[in-house]
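[1] Any chance you could fold what I've pasted below:
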Amino acid sequence: MVNELFQVLSLSDLSNHLVDFFVEIFSEEIPARMQKKAVCDFEDLFILELKSHGILYENAKTFITPQRMVFKADIAAQTKGTLEERRGPKTAAPDKALEGFLKSVGLTKHDLIVKEDYYYACLQTPSKKVQTVLPGLLESVLKKMPWPKVMRYPGSSLPWVRPIRHIICSYNAEPIIFDAPYVGLKTVSFTKGHRFLSPHNVPITSFSSYESDLEKACVILDHTKRRSIILQQLKKLADQKNLTLNLNEYLLDEVTGLCEMPVTYVRSINDQFMGLPECVLTTSMTYHQKYFSFFNKDGKLAPYFGVITNNTPPCVEKMLKGYETVLTARLSDAVFFFETDVKTPLLDFLPKLKTVLFQDKLGTVYDKVQRLLSGTDADNALKQAIALSKCDLVSLMVGEFPELQGKIGHLYALKQGVDRNVADCIEGHYLPQGIKDDLPASLLAKKVSILDKMDSIVGLFGVGLKPTGSKDPFALRRQALAIIRILLSDDFLTFDLSTLIHNSINQYEKSGIQLEKDTFDQVKTFILERFYHYMRDLYTHDDIVAVTNILDKDILTLGLVSKRIAAFSAFSSTEQGEKIKQAYRRAKGVCTNEVTVLVVDAFFKASEETILFEGIKKLAKQVQPLLDKHDYNSAMKSLAHLQQPINNFFANVMVNVDDQQIADNRKALLTMFIIEVRKIADF
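    Model prediction:
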């Protein structure tokens, strides 16, 4: 039990007592891809440390630029003092127990108080000036910062994403100067402006002055503001040329993280390259050059690109010509690759997949394709789709632009006269790659996608390369989720997961690859765990187990299970569903011991027994045909007819009467009710 030494006022009452505080960590350039998560982690850690040190705060906010991370808040001048009553041993406990307690709290027996036969130690944490706490608080934050990749550098014992060059810790508009030996630095009273446009020192006072002074030094601190400026500039330049911006949110976030003072330009693309497939042009611009693309009013890709710079040199035109030259070189290569690739039939690339390793113990990508082909029936379209699915991996175009795998193969196949349904599989079988991605459009593409992903999961599990903790280098969790989402689609409602796993294992065995003996169980458990988590985002735990508890564990038709859970969730949330649930659980409570389910209607003494008995028999006739047709909504609704009979039974009939024969018969009736309801769900 903790009691405050002083009356704690609400934050609104204390607002006049809070003062300006901020920290800047200035380093070499932070990779743009890491900034979005880093800014959240930095804020969370600071707030956690402020709370753990008993420092009241308001208006916490974090900012990030390529070279600096900043946390600011209004904080109290003092930490909160506390008085903790820590319970010790009983007064009658052995002396050794008391000695151990006294040692742990650093007190003597005379310092303890006795309440209700227990010793208590009153431990006081005095209030401290915040300035004395901040150095240790900052060190704790920096040491806990979870960068995905860090580096070590001379003079610092702290692994960090890039070398830290200075640290600012400002409190009440005054910099606090202290040693930070873990980074080999002393905090400073100034920051730096833009490294090219204003590289001079900027003195530190309050945060508001700091932010405005930085802007004068060509640094826009707020990353959301920089993002908005870039977007506005791009749209304005697009409007001037009667174009529409092809907005890529990921690219917008990335370029925001590459500049402190963004300046936007639009330049032209040579018309000779506009004959390239749109995906080649946009991939080259977006992923390789960090350029934005535009559409004409007719929806076609326009011969222009937008570029974001972090500098405005005197020779701007020369700089922009350089951007055009780099793109021209990249697209010239693309033209050559494209024209060379299309001269070769796509299927002729298949033998070259023998040079592409899938996994050391599982062979090449060619071996993977052969396993998939071996496991399919005589469906010629499916076999053709599988055979072509990976061929573009060894094309010149994918070698230069890996992001185009699947897309470029799809284009090549269409250009060479392959049936569109088959060609669509080359791109579609990679889907879905994320929780929000669309599923493959066709049944054929879904089949290829499932077979391909299951081959990867089974093979990698079979050689001991399953995901561990947060590490999943082969994205097996993502692939399992993709399989689940496809199996939940209407095309695969009755498809059994066990059959799919066994089929994949059999193909490995046929090819001479020995997998671990428990591969089937491991893969089944892994996918069912992902299925549960996917369902858990949609339904409650109780809804899920109410259905899964009654199903045959060896039959894994996930589509039907999902449909059944959805029907149960909808019904159980109604008033009728809630009443059936209460009656079902009450019946299970009464029938705690195993009893016969043979109901003898001659033993009925009350009309409620007869009505319930007839209702259960009617349900038994209705429900199985509905379940056989997978009409789970109607099956659930059929339970509603039992709501009134079962409620009337419990309201008017005593089960445990003196006459044992009648009592057992009534329990048998309730057991019959439980059995029939449980065919639908275990409420």
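
[2] going forward, measure contacts between C-alpha atoms and count neighbours the same way
    Noted.

[3] So A60: helix, strand or coil?
    What DSSP: H, G, I helix; E, B strand; the rest coil gives for A60 is strand.

[4] likewise I167?
    I167 ends up strand, using three-state DSSP.

[5] swap in M69?
    With three-state DSSP as the criterion, M69 reads strand.

[6] is it true that it touches I25?
    Yes. At 5.2 Å, M69 and I25 qualify as touching, with contact defined as CA atoms under 8 Å.

[7] ok, those two, which is more surrounded?
    M69 (22 against 19; other CA atoms under 10 Å).

[8] In contact with that one, which residues?
    24-26, 39, 62-63 (CA atoms under 8 Å, 6 or more residues apart in numbering).

[9] cutoff 6 Å now
    24-25, 63 (CA atoms under 6 Å, 6 or more residues apart in numbering).

[10] Helices of the stretch 501-650 of the chain, start to end?
    519-536, 541-548, 558-572, 575-590, 607-628, 632-638, 643-652 (DSSP state H, counting those that start in this stretch).

[11] Any buried residues in stretch 217-234, and which?
    217-223, 226-227, 229-231, 233-234 (16 or more other CA atoms under 10 Å).

[12] how about A93, phi and psi?
    phi -70, psi 160 (degrees, to the nearest 10).

[13] sorry, that was for I25
    The phi/psi pair for I25 (degrees, to the nearest 10) is phi -110, psi 110.

[14] let's number from 59 now, not from 1
    Sure, I'll start numbering at 59, so the last one becomes I83.

[15] I figured it hits R126, correct?
    Yes. With contacts counted by CA atoms under 6 Å, I83 reaches R126, the gap being 5.4 Å.

[16] Of the helices of the stretch 559-708 of the chain, which is nearest D549?
    helix 616-630 (9.2 Å; CA to CA).

[17] For the closest one, buried residues please.
    Buried-residue list, helix 616-630, by 16+ other CA under 10 Å: 616-627, 629-630.

[18] what does stretch 149-165 give?
    Neighbour-count burial for stretch 149-165 [16+ other CA under 10 Å]: 149, 156, 159-160.

[19] and if you look at stretch 657-664?
    Per 16+ other CA under 10 Å, stretch 657-664 contains these buried residues: V657.

[20] any idea of the mean pLDDT for it?
    Averaged over stretch 657-664, pLDDT sits at 86.

[21] Could you check how far it is from the centre of its chain?
    57 Å (CA atoms, centre = their mean, to the nearest Å).

[22] Over to stretch 627-646?
    On CA atoms, centre = their mean, the centre of stretch 627-646 falls 34 Å from that of its chain.

[23] What distance do you get for the closest residue to H487 other than its chain neighbours to L685?
    On the basis of CA to CA, 6 or more residues apart in numbering, the spatially nearest residue to H487 that is not a chain neighbour turns out to be S507, at 4.1 Å. Distance of S507 to L685, given as CA to CA, to the nearest Å: 30 Å.

[24] out of those two, which sits in the more crowded spot?
    A direct count of neighbours by other CA under 10 Å for S507 and L685 places S507 higher, at 27 against 17.

[25] wait, isn't that one in contact with E485?
    No. Using CA under 6 Å as the test, S507 is too far from E485 to be in contact (9.9 Å).

[26] Secondary structure element for D495, which one?
    For D495, there is no enclosing helix or strand under DSSP states H and E.

[27] in which helix or strand would I find the nearest residue to it once chain neighbours are set aside?
    What sits nearest to D495 in space, not counting adjacent residues and going by CA to CA, 6+ apart, is L489, at 7.1 Å. Take DSSP H and E as the rule and L489 turns out to sit in neither a helix nor a strand.

[28] Now for L489, how many residues are close by?
    By other CA under 10 Å, neighbour count at L489 equals 21.

[29] Got the confidence number for the residue positioned nearest the centre of the chain?
    Among the residues of the chain, the one closest to the centroid is I493, at 8.3 Å (CA atoms, centre = their mean). At I493, the pLDDT value in this model is 86.

[30] for T650, same thing?
    On the pLDDT scale, T650 gets 71.

[31] What distance do you get for it to N714?
    12 Å.

[32] got it, and T140?
    For T140, the distance to N714 - CA to CA - is 58 Å.

[33] Closest one to D548 out of the buried residues of stretch 149-165, please.
    Checking the buried residues of stretch 149-165 one by one against D548 (CA to CA), the nearest turns out to be F159, at 64.5 Å.

[34] need the next SSE after the strand or helix carrying the closest one, C-terminal direction.
    Using DSSP H and E, F159 sits in helix 153-163. Using DSSP H and E, the helix or strand that follows helix 153-163 in sequence is strand 171-173.

[35] what comes into contact with stretch 683-692?
    Contacts for stretch 683-692 (CA under 6 Å, 6+ apart): 622, 625, 693.

[36] ends of that stretch, how far apart?
    Stretch 683-692 end-to-end distance (CA to CA) = 10 Å.

[37] Report the buried residues of that stretch.
    Result for stretch 683-692 [16+ other CA under 10 Å]: buried residues 684-685, 688-691.

[38] go on, stretch 670-682?
    Here stretch 670-682 shows 670-671, 673-674, 677-678, 681-682 as buried, counting by 16+ other CA under 10 Å.

[39] and what of stretch 188-197?
    188-189, 192-193, 195-196.

[40] go on, stretch 201-210?
    Here stretch 201-210 shows 203-204 as buried, counting by 16+ other CA under 10 Å.

[41] domains of this protein?
    Domains of the chain are assigned by automatic domain parsing as 60-137+187-274, 140-183, 281-373, 400-486, 489-628, 632-736.

[42] Now tabulate the ones you listed in CSV and tack on distance to Y381.
    Shown next, in CSV, are those (distance: least, CA to CA, whole Å):
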stretch, distance to Y381
domain 60-137+187-274, 19
domain 140-183, 61
domain 281-373, 8
domain 400-486, 19
domain 489-628, 32
domain 632-736, 60
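
[43] Can you say which of those domains is nearest to V384?
    Of the domains of the chain, nearest to V384 by CA to CA is domain 281-373, at 8.2 Å.

[44] any chance of the buried residues of stretch 670-682 in a markdown table, plus distance to G357 and pLDDT?
    Shown next, in a markdown table, are the buried residues of stretch 670-682 (distance: CA to CA, whole Å; pLDDT from 0 to 100):
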| residue | distance to G357 | pLDDT |
| --- | --- | --- |
| L670 | 66 | 91 |
| F671 | 68 | 92 |
| G673 | 63 | 90 |
| I674 | 63 | 89 |
| L677 | 59 | 89 |
| A678 | 60 | 87 |
| V681 | 54 | 89 |
| Q682 | 54 | 89 |
